[in-house]
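Engineer: pasting the sequence and the predicted coordinates here, then a few questions.
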Amino acid sequence: MNIAQVDYDGLIPNNVGLGQDPRVKRALEKWHPGYIDWWKEMGPEGFQESLVYLRTAVSVDPKGWAKFDYVRMPEYRWGVLLAPQHEGRKIPFGVHKGEDAWQEVPGEYRAMLRRLIVIQGDTEPASVEQQRHLGKTAPSLYDLRNLFQVNVEEGRHLWAMVYLLQKYFGADGREEAEALLQRRSGHADTPRMLGAFNEKTPDWLSFFMFTYFTDRDGKMQLEALAQSGFDPLSRTCRFMLTEEAHHMFVGETGVTRVVQRTCEAMKEAGITDPNNIEAVRKLGVIDLPTIQKKANMHFSLTLDLFGNEISTNAANAFHAGLKGRYREDRLKDDHQLEGATYPVLRLIDGKIQNADTPALSALNMRLRDDYVVDANIGVGRWNKVIAEYGIPFEIKLPHVAFHRHIGEFASIKADVNGNLLSEAEWEKRRGEFLPSDSDREFIEGLMQPQFEPAKFASWIAPPRVGIDNKPGDFEYVKIADA
Ligand SMILES: [Fe+2]
Ligand SMILES: [Fe+2]
């Protein structure tokens, strides 16, 4: 079988030869009804019968892997897709560096590997759950379609991780695969595993911020796992990254279009002061300071996903050859880091300062630093739009010590510039940095659906180009009567 082509004959599309693997095929077919039940219960609310113009992977060839067509979401062909195997691939880092990449689970690292897969897997259905109410307030059919595209692909990412569990981990893999369908985002007793995935995504600006900031954490984690010495995980993550790019595109262009619409409306109305919030809001657009507060919130919640400043788990996973650094294959060092150090921002004697730290224990922070650089690129594009309209305002990512719940800075309060605040000062000034109840109410008030082709809600500009080069009046979703 040609690995680049996907076999669509069976119940589960795949390019892993499931047809010749009856044990795993049966296990996945047994898991499938529970997945569909989960999708119907926790997937997009109110649009399960609608026809959505979605892309489906038909190949893993980077040059042309997707086809677009109308599909009802519960009938979407979720499948198992791995990037092609690299002949003779070696373990690229850690104590086993240079040995043949593992095609089976290395026994000594079984538990660690399973945990990495389960944690990644848990984020995928979580975001679908977080976003399930958004369809009702979509600002356009174009945006509605993008939301659903992200949702079905997060569903497929769950399939990707479940395949690894079912194929390589036997009975405990099966149990984990079931548990992934049982946990629920934000549930008091059975929450998802990571904090940011238990937060609400109450409005579309949050959705764009989430896909920009939090899906980008997903990208960093997948990049690190794509380096793995466990080859099936590496190949799985390499293909997931192809899909992930669209999610971040939705976030980046979504925020850009919100910013653009705000600037446009300000210009038309002759408002030059971005802090004249009341006047800007009267125009039916979201003022720039509130957009900044939303960015502060989603950025800080996402930083928590990188874990503690000093982490033995991260050190162990690297040492073992299971989880590498961002673009490990392009880094020029010994890829073992046994004696190396890395500067980490820490809380020392009550002050935030850099400290040289054993590089192995600092791997979470190294990944986080790479993340911050990556996240700043899109912020620069948002600021370019604001500058084009001549408005004196710049969106900035807050300091890494701001509004943290994990790691050393969880014990302190800091402003967006990293200045320490007392509890009392923080309480008093919190509304300067993070969305207040009234900010949230204002945004929620704007969230009125716009389901007519070619039309957009007041607070967001149309996209520059359509999906799959479709014209502006294309009906991306044919909404079925409920
Ligand atoms: Fe994902
Ligand atoms: Fe994603």
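Structural biologist: Yep, that arrived. Residues are numbered from 1 along each chain as shown. Ligands and ions are numbered 1, 2, ... in the order given.

Engineer: who are the contact partners of A196?
Structural biologist: Neighbouring residues of A196 by CB atoms under 8 Å, 6 or more residues apart in numbering: T214, D217, L301, T302, D304, L305. Heads up, the C-betas are built off the backbone N, CA and C, glycines and all.

Engineer: change it to 10 Å
Structural biologist: With contact set as CB atoms under 10 Å, 6 or more residues apart in numbering, A196 has these partners: 123, 126-127, 130, 210, 213-214, 217, 298, 300-305, 405-406.

Engineer: quick check: L205 vs L134, distance?
Structural biologist: 11 Å (CB to CB, to the nearest Å).

Engineer: who touches both of these two?
Structural biologist: M447.

Engineer: what about stretch 141-161, near ligand 2?
Structural biologist: No - judged by CB under 5 Å from the ion, stretch 141-161 stays clear of ligand 2, getting no closer than 5.6 Å.

Engineer: select only the buried ones of the contacts of A196 in ChimeraX?
Structural biologist: A single ChimeraX command selects the buried members of those (16 or more other CB atoms under 10 Å):
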select :123,126,127,130,210,213,214,217,298,300,301,302,303,304,305,406
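
Engineer: in helices, which of the contacts of A196 fall?
Structural biologist: Within the contacts of A196, residues falling in helices by DSSP state H are T123, A126, S127, Q130, D217, H298, S300, L301, T302, L303.

Engineer: low pLDDT regions in the stretch 351-482 of the chain?
Structural biologist: Applying pLDDT under 70 to the stretch 351-482 of the chain flags residues 482.

Engineer: which stretches of it form helices?
Structural biologist: 363-388, 423-433, 437-446 (DSSP state H, counting those that start in this stretch).

Engineer: so which of those helices comes closest to Q48?
Structural biologist: helix 437-446 (24.3 Å; CB to CB).

Engineer: right, and P74 touches W39 too?
Structural biologist: Yes - in this structure, P74 is within contact of W39 by CB atoms under 10 Å, at 6.1 Å.

Engineer: okay, and the common contacts of these two?
Structural biologist: Common contact partners of P74 and W39 (CB under 10 Å, 6+ apart): Q48, V152.

Engineer: secondary structure class for F197?
Structural biologist: Here F197 is recorded as helix under DSSP: H, G, I helix; E, B strand; the rest coil.

Engineer: can you name the residues that contact it?
Structural biologist: By CB under 10 Å, 6+ apart, the contact set of F197 is 122-127, 129-130, 183, 185-186, 191, 210, 214, 301, 305.

Engineer: show me which residues of the protein sit near ligand 2.
Structural biologist: The chain comes close to ligand 2 at residues D215, G218, E244, H247, as judged by CB under 5 Å from the ion.

Engineer: thinking again about what came up before, between P74 and W39, who's got more neighbours?
Structural biologist: Neighbour count, other CB atoms under 10 Å: between P74 and W39, W39 has more, with 22 against 12.

Engineer: how near is that one to ligand 1?
Structural biologist: Separation of W39 from ligand 1 (CB to the ion, to the nearest Å): 15 Å.

Engineer: Q292 now?
Structural biologist: According to CB to the ion, Q292 and ligand 1 sit 27 Å apart.

Engineer: burial check on that residue, number of neighbours?
Structural biologist: Neighbour count of Q292, defined by other CB under 10 Å: 20.

Engineer: likewise P343?
Structural biologist: Other residues near P343 number 15, with proximity taken as other CB under 10 Å.

Engineer: sorry, back to before: filter the residues of the chain next to ligand 2 down to the ones in strands?
Structural biologist: Taking DSSP state E, every one of those sits outside strands.

Engineer: for those, pick the one with the most neighbours.
Structural biologist: Most neighbours among these, by other CB under 10 Å: H247, with 25 neighbours.

Engineer: list the contacts of the nearest residue to that residue once chain neighbours are set aside.
Structural biologist: Excluding the flanking residues, the one nearest H247 by CB to CB, 6 or more residues apart in numbering is D215, at 4.2 Å. Residues in contact with D215, defined by CB under 10 Å, 6+ apart, are 123, 127, 150, 154, 244-251, 302.

Engineer: what's the pLDDT at D215?
Structural biologist: In this model, D215 is scored at 97, pLDDT.

Engineer: got it, and the one 3 residues further on?
Structural biologist: pLDDT recorded at G218 is 96.

Engineer: just checking, N275 touches M266?
Structural biologist: No - assessed by CB under 10 Å, N275 is found out of contact with M266, at 11.4 Å.

Engineer: centroid-nearest residue for the chain?
Structural biologist: D215 (1.5 Å; CA atoms, centre = their mean).

Engineer: am I right that R55 is in a helix?
Structural biologist: No - secondary structure of R55 (three-state DSSP): strand, not part of a helix.

Engineer: residue of the stretch 101-250 of the chain closest to ligand 1, please.
Structural biologist: For the stretch 101-250 of the chain and ligand 1, the shortest gap (CB to the ion) falls at H157, measuring 3.7 Å.

Engineer: what's the distance between P358 and P106?
Structural biologist: P358 is 24 Å from P106, by CB to CB.

Engineer: now do the contacts for the nearest residue to T357 once chain neighbours are set aside.
Structural biologist: Excluding its sequence neighbours, the residue lying closest to T357 (CB to CB, 6+ apart) is V344, at 4.5 Å. Shown in contact with V344 (CB under 10 Å, 6+ apart): 309-310, 353-359, 361-362, 364-366, 368-369, 408.

Engineer: buried among those? Make that a ChimeraX selection.
Structural biologist: Command for ChimeraX that selects the buried part of these, burial taken from 16+ other CB under 10 Å:
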select :309,310,357,358,359,361,362,364,365,366,368,369,408
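
Engineer: neighbours around I36, how many?
Structural biologist: Residues near I36, counting by other CB under 10 Å: 14.

Engineer: how close does it get to G43?
Structural biologist: Distance from I36 to G43, by CB to CB: 9 Å.

Engineer: what do these two both touch?
Structural biologist: Shared contacts of I36 and G43, defined by CB under 10 Å, 6+ apart, are found at P74.

Engineer: residues contacting H405?
Structural biologist: Residues in contact with H405 (CB under 10 Å, 6+ apart) are G195, A196, S300, L301, L303, D304.

Engineer: go with 8 Å
Structural biologist: When contacts are counted by CB under 8 Å, 6+ apart, H405 is found next to G195, L301, D304.

Engineer: dump the contacts of D215 to TSV, plus pLDDT and distance to L421.
Structural biologist: Shown next, in TSV, are the contacts of D215 (pLDDT from 0 to 100; distance: CB to CB, whole Å):
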residue	pLDDT	distance to L421
T123	97	31
S127	97	31
V150	98	36
E154	98	36
E244	94	36
A245	94	38
H246	94	39
H247	96	34
M248	96	32
F249	97	36
V250	98	34
G251	98	29
T302	97	21
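
Engineer: fine by me, thanks again.
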